[in-house]
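Sequence first, then the predicted structure, then my questions.
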Protein chains: 2
Amino acid sequence: MRRTFEIEKTCPRTGARAGFITTAHGVVPTPAFMPVGSQASVKALTPDDVRDVGTEILLSNAYHLYLRPGVDVVEQMGGLHRFMGWDGPILTDSGGYQIFSLASLRRVDDEGVVFRSHIDGSEHFLTPEGAVQLQQRLGADIIMVLDECPPYTKEKMSVRRAMERTLRWAEKCVKAHRGRDQQLFGIVQGGVFSDLRRDSVAFLTALGFPGYAIGGLSLGETKSETLAMVEETVAFLPTDKPRYLMGVGSPEDLVENVDRGVDLFDSALPTRTARNGALFAASGRINIHNAGYKGLDQPIDAGCDCYTCQRFSAAYLNHLFKSKELLAYRLATIHNLRFVMRLMERMRQAIVQGGFGEFRREFLENYRTTDEGVRLAQKQRWLERSVGVHDEGDGPEDPGVVA
Amino acid sequence: MRRTFEIEKTCPRTGARAGFITTAHGVVPTPAFMPVGSQASVKALTPDDVRDVGTEILLSNAYHLYLRPGVDVVEQMGGLHRFMGWDGPILTDSGGYQIFSLASLRRVDDEGVVFRSHIDGSEHFLTPEGAVQLQQRLGADIIMVLDECPPYTKEKMSVRRAMERTLRWAEKCVKAHRGRDQQLFGIVQGGVFSDLRRDSVAFLTALGFPGYAIGGLSLGETKSETLAMVEETVAFLPTDKPRYLMGVGSPEDLVENVDRGVDLFDSALPTRTARNGALFAASGRINIHNAGYKGLDQPIDAGCDCYTCQRFSAAYLNHLFKSKELLAYRLATIHNLRFVMRLMERMRQAIVQGGFGEFRREFLENYRTTDEGVRLAQKQRWLERSVGVHDEGDGPEDPGVVA
């Protein structure tokens, strides 16, 4: 198999590294953040907007596309790239996470999983082999094994069972995988248990994947638990393969996890919070609804080069959000994504130039993060609402925008 | 006063004419259609999108902007053009229509009108002089007199009273009008009564305006009543001033009224119906939700040069609407507006080249219009729902998008 990952530079003092993932639709400089387009659309943006904010690769979701419009339709339209008008690299998630959070679960065993659609309640059976075939038909550049992703728990036995099933499924996925244009990534499970993570990595690396995802985190555990678990898992993983931390995240989390050697991220947080009016600035998240922005004749973030900041005042955005104008969600999404992309670019540059540690320190000193108690409460509320709601990442905290 | 309207060509066989309105922010070729941006935003579009569909002038609304964000804010941001990032011509409506449809009315007399905000119930007093000052502070290129716009009725006495009050208000507006950069247009009222329309025109033309609007139509009367009244009113109006038909319209209505000598139009219909998934095509309106579009690998309208048709299949749009993706509303709005702008361009070209009559006949032969009974029922429902709903033109028929 041809080499699909190259490391350009590794930070001598931290775990951070700068590299390139080569895919059938282009080369992705890492560390990279993938905007989420679960339903073949990064909410409120055209593919041109997605490109303009600096996106190198985006994520879509096999579970969502399987249910609607159906794989037949996407295939008939020439595959996911052509269907959604995005000719850059795409990664599809297998649907494991969605089935175990969104859908109503009927039965799970080594054969696969029976679930009911969150859209119309119809019953479906998905096997690990089926998940791979599905993603192959969608035509993504990077596809994921089917995994069993249990909610955050301290009960080690249930986490172990799910982790072991994920490994047996991974083996089946590898056997079912055909074609050279799509890379199949494995997913490390094991909750917050270091030994389970180690066992998971050992099995997966024996199978041999071109990339490894760290799944089952950022699900309600504390931030220090997440970071500790990433650190330990990364230590088990091979250095010459990309590491993908699923479902992260916020600007501060991206910095902390790049610091620990993660190369690839996805999260609906930047786009979801944007639609709620929570916008990223150098000093931290701001709430554009606040009265202080009503008369502010300045961009949201003075240092930002995005379309929104170049063209519109905070006062105008405040007005659009107050008036629930659709344009609000688009301009805010453009800004938050550009903020994250610029952050990735700056981290990469710092790694290459040898100043990542300093960059990290400075960024975190300036960026006011959400209080940990508030963050966990929000997360919990979001996870609870996710069950049965139509889009895991992009719906629940939304103020009626995509009811 | 400098000349602000020039006629390039008048159709020898119909009433249609091609001209130019000169404003402080540019020259507008007529006949022209103004997209509606009531709250300083054409729903779902950036100013660049608005420009890209071919918009030469847009409409915003003094009533909405007065209530939110407030004239102080807009003025402080350098005026409406700068606030919303649109440097082309803008016309603002005075708020008359909104006060008499959206707001809860408290008292109306020759001094002005006391109403309650549809947003927070707060009480406000607006005089004709105040309406002019408000629009001057917003900085639009064309501003409108305050008018009393009663609902559609056959009771002539009440229509006459409102018409006569509108004339007394118009006189006060003229006296209050300052500055050369803003043209103040008069508004002809008089419902469906020819003699009232005639009296209204006589009084207004004696005052002398650089342009005349025909108000109080398209409010529930039949289409033939509307057309007859436009025809008669146009006959009373001077030929050397632009004629603006407020609140129209649909593609077929635009053609019919250009045919009768109207130069300027505004309506939320193209944008509102777009967000409901009703898209314009050469053969008439289509409903993109229909199952037939699910697998259609073709643009909505084969002859359309808009961004949406150039880039996306009907199948993708069907998917976006079914999935309630925000991008749906934007792509549909771009398409419908571009359809209307192209229609205006084609009509203008036909007038200049001397083939308008033929163009009109061909267009109407191909374009399948909505059944008149269905149309009136929809209109009635919309007008009823408008009362108390936040946006006269862009809310009521919306499927929860801008709740």
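Good, I have the coordinates.

The lowest-mean-pLDDT helix or strand in chain A: how far from the chain's middle?
Lowest on mean pLDDT, DSSP states H and E among the helices and strands of chain A sits helix A:372-386, with a mean of 76. For helix A:372-386, the gap between its own C-alpha mean and the chain's C-alpha mean amounts to 17 Å (CA atoms, centre = their mean, to the nearest Å).

Just the C-alphas of stretch A:361-369, formatted as PDB.
The C-alpha atoms that make up stretch A:361-369 are tabulated as PDB, following Å, rounded to 0.1, in the frame of the first residue of the first chain:
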ATOM      1  CA  ARG A 361       1.000  28.800  26.400                       C
ATOM      2  CA  GLU A 362       0.200  32.100  24.900                       C
ATOM      3  CA  PHE A 363      -3.100  31.000  23.300                       C
ATOM      4  CA  LEU A 364      -4.300  29.400  26.500                       C
ATOM      5  CA  GLU A 365      -3.300  32.400  28.600                       C
ATOM      6  CA  ASN A 366      -5.400  34.700  26.400                       C
ATOM      7  CA  TYR A 367      -8.300  32.400  25.700                       C
ATOM      8  CA  ARG A 368     -10.900  32.400  28.500                       C
ATOM      9  CA  THR A 369     -12.500  29.000  28.600                       C
END
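
what are the phi and psi values for A:Phe20?
phi -140, psi 130 (degrees, to the nearest 10).

Next, find the distance separating it from B:Leu331.
Distance from A:Phe20 to B:Leu331, counting by CB to CB, to the nearest Å: 33 Å. To be clear about C-beta, it is placed using only N, CA and C from the backbone, and glycine gets the same treatment.

list the contacts for the closest residue to A:Leu105 other than its chain neighbours?
Spatial nearest neighbour of A:Leu105, chain neighbours left out: A:Phe115 (5.4 Å); criterion: CB to CB, 6 or more residues apart in numbering or on different chains. Residues counted as contacts of A:Phe115 (CB atoms under 8 Å, 6 or more residues apart in numbering or on different chains) are A:Ile99, A:Ala103, A:Ser104, A:Leu105, A:Arg106, A:Glu123, A:His124, A:Leu126.

please redo it, this time with the cut-off set to 7 Å
Neighbouring residues of A:Phe115 by CB atoms under 7 Å, 6 or more residues apart in numbering or on different chains: A:Ile99, A:Ala103, A:Ser104, A:Leu105, A:Arg106, A:His124.

In a strand, it, correct?
Yes. Assessed by DSSP: H, G, I helix; E, B strand; the rest coil, A:Phe115 belongs to a strand.

How many neighbouring residues does the closest residue to A:Ala24 other than its chain neighbours have?
Excluding the flanking residues, the one nearest A:Ala24 by CB to CB, 6+ apart is A:Asp181, at 4.2 Å. Counted by other CB atoms under 10 Å in any protein chain shown, the residues lying close to A:Asp181 total 11.

what's the answer for A:Gly79, then?
Based on other CB under 10 Å, the number of other residues close to A:Gly79 is 15.

Over to the one 3 residues further on?
Applying other CB under 10 Å, we find 15 residues neighbouring A:Arg82.

Please apply the same query to A:Leu126.
A:Leu126: 23 neighbours (other CB under 10 Å).

and if you look at A:Asn290?
Going by other CB under 10 Å, the residues that sit close to A:Asn290 add up to 12.

mind checking which helix or strand the residue lying closest to it once chain neighbours are set aside is in?
Once flanking residues are discounted, A:Asn290 sits nearest to A:Asn318: 7.8 Å by CB to CB, 6+ apart. Using DSSP states H and E, A:Asn318 maps to helix A:314-322.

what is the mean pLDDT for the next helix or strand along the chain from that helix?
As assigned by DSSP H and E, the chain's next helix or strand after helix A:314-322 is helix A:326-353. Averaged across helix A:326-353, the pLDDT comes to 98.

So is helix A:326-353 next to chain B?
Yes. Counting by CB under 7 Å from any CB of the partner chain, chain B is contacted by helix A:326-353 at A:Leu326, A:Leu327, A:Tyr329.

Kindly provide the distance from the residue sitting furthest away from the middle of chain A to chain B.
Distance from the C-alpha centroid of chain A, by CA atoms, centre = their mean, peaks at A:Gly295 (35.1 Å). A:Gly295 sits at a distance of 6 Å from chain B (criterion: CB to the nearest CB, to the nearest Å).

Equivalent analysis for A:Arg346, please.
Counting by CB to the nearest CB, the gap from A:Arg346 to chain B is 26 Å.

Burial check on that residue, number of neighbours?
14.

Any chance of the backbone angles for the closest residue to A:Ile288 other than its chain neighbours?
Excluding its sequence neighbours, the residue lying closest to A:Ile288 (CB to CB, 6+ apart) is A:Gly277, at 4.4 Å. The phi/psi pair for A:Gly277 (degrees, to the nearest 10) reads phi 90, psi 10.

returning to that earlier point: wouldn't the residue nearest to A:Asn290 be in contact with A:Ile286 here?
No. Counting by CB atoms under 7 Å, A:Asn318 does not reach A:Ile286; the two are 10.6 Å apart.

who's more crowded, these two?
More crowded of A:Asn318 and A:Ile286, by other CB under 10 Å: A:Asn318, with 25 against 18.

How much space separates A:Ala268 from chain B?
Taken as CB to the nearest CB, the span from A:Ala268 to chain B is 14 Å.

actually A:Met84, not the one I wrote
7 Å.

now, which of the contacts of A:Phe115 sits nearest chain B?
A:Ala103 (16.3 Å; CB to the nearest CB).

The closest one - how many residues pack around it?
Neighbour number of A:Ala103 under other CB under 10 Å is 24.

what's it sitting at in phi/psi?
According to degrees, to the nearest 10, A:Ala103 has phi -80, psi 160.

Can you verify my assumption that it contacts A:Gly121?
No. Using CB under 7 Å, A:Ala103 makes no contact with A:Gly121, being 9.8 Å away.

Any idea what the residue nearest to A:Leu105 is bridged to?
Beta-bridge partners recorded for A:Phe115 (DSSP bridges): A:Leu105, A:His124.

just to revisit the earlier point, and A:Phe20 and B:Leu331? Which one has more around it.
Neighbours were counted for A:Phe20 and for B:Leu331 using other CB under 10 Å; B:Leu331 has more, 28 against 19.

Skipping its backbone neighbours, what lies nearest that one in space?
Using CB to CB, 6+ apart, the nearest residue to B:Leu331 is B:Thr308, at 4.3 Å.
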